[in-house]
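Okay, predicted coordinates and the sequence, questions at the end:
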Amino acid sequence: MDEKKKQQLLIEMVMRQTNYTYGECEKKLSDNNNDYMKVIKDYYGVKEKKEEVVSVNQGIIKEIRKMMDNASNNYRITQKIKEEREKQLNRLKKQNKMKPVTNLNKIEEEDEIPEKKEDEIPEKKEDEIPEKKDEEDEIPEKKEQDINGDII
């Protein structure tokens, strides 16, 4: 294609995408070195992102800094939550005059689970009838065959 034909196609394409007139499209394309994408982006107000060139070390340090910032923010948040819990617990203690709770994970002596003795065998009731197994539950025994097809 010759240059005039290419220019004509670009102008028509920009006119379809925008509300520019033929003359405006021609001027905008010539200002932007016939880059129709720049003309269309300019019309819609899309700004190009400037990519910051960083070295590998700078990228690593940035990621470490982000990770450390997130960790410190999470730590502060958990500390605030713990403080609020303590305040609420203290307030409830004062209201209910509860005995102090030292460790919520510890089972109190009254709530202990009785230990099973190893010597004890559970008693079997005579009235109980053992459940019948379904035939579907039983796994058939695999049988091997030799080359001739005989079962071994």
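Alright, I've got the coordinates.

and residue 34, how many residues sit next to it?
15 (other Cβ atoms under 10 Å). In this view, the C-beta of every residue, glycine as well, is placed from N, C-alpha and C.

now it, nearest residue through space, not along the chain?
Residue nearest to residue 34 in three dimensions, not counting chain neighbours: residue 10, with 5.9 Å by Cβ to Cβ, 6 or more residues apart in numbering.

Now do the buried residues in the helix or strand where the one you found lies.
Taking DSSP states H and E as the definition, residue 10 sits inside helix 3-17. Buried residues in helix 3-17, counted by 16 or more other Cβ atoms under 10 Å: 7, 10-11, 14.

How about stretch 80-99?
Per 16+ other Cβ under 10 Å, stretch 80-99 contains no buried residues.

can I see the domain layout of this protein?
Under the assignment automatic domain parsing, the domains of the chain span 3-44, 51-101.

Residue 150 is nearest to which of those?
domain 51-101 (67.3 Å; Cβ to Cβ).

Count the neighbours of residue 75 for me.
Residue 75 has 10 nearby residues by other Cβ under 10 Å.

Would it be right to say that it lies in a helix?
Yes. Assessed by DSSP: H, G, I helix; E, B strand; the rest coil, residue 75 belongs to a helix.
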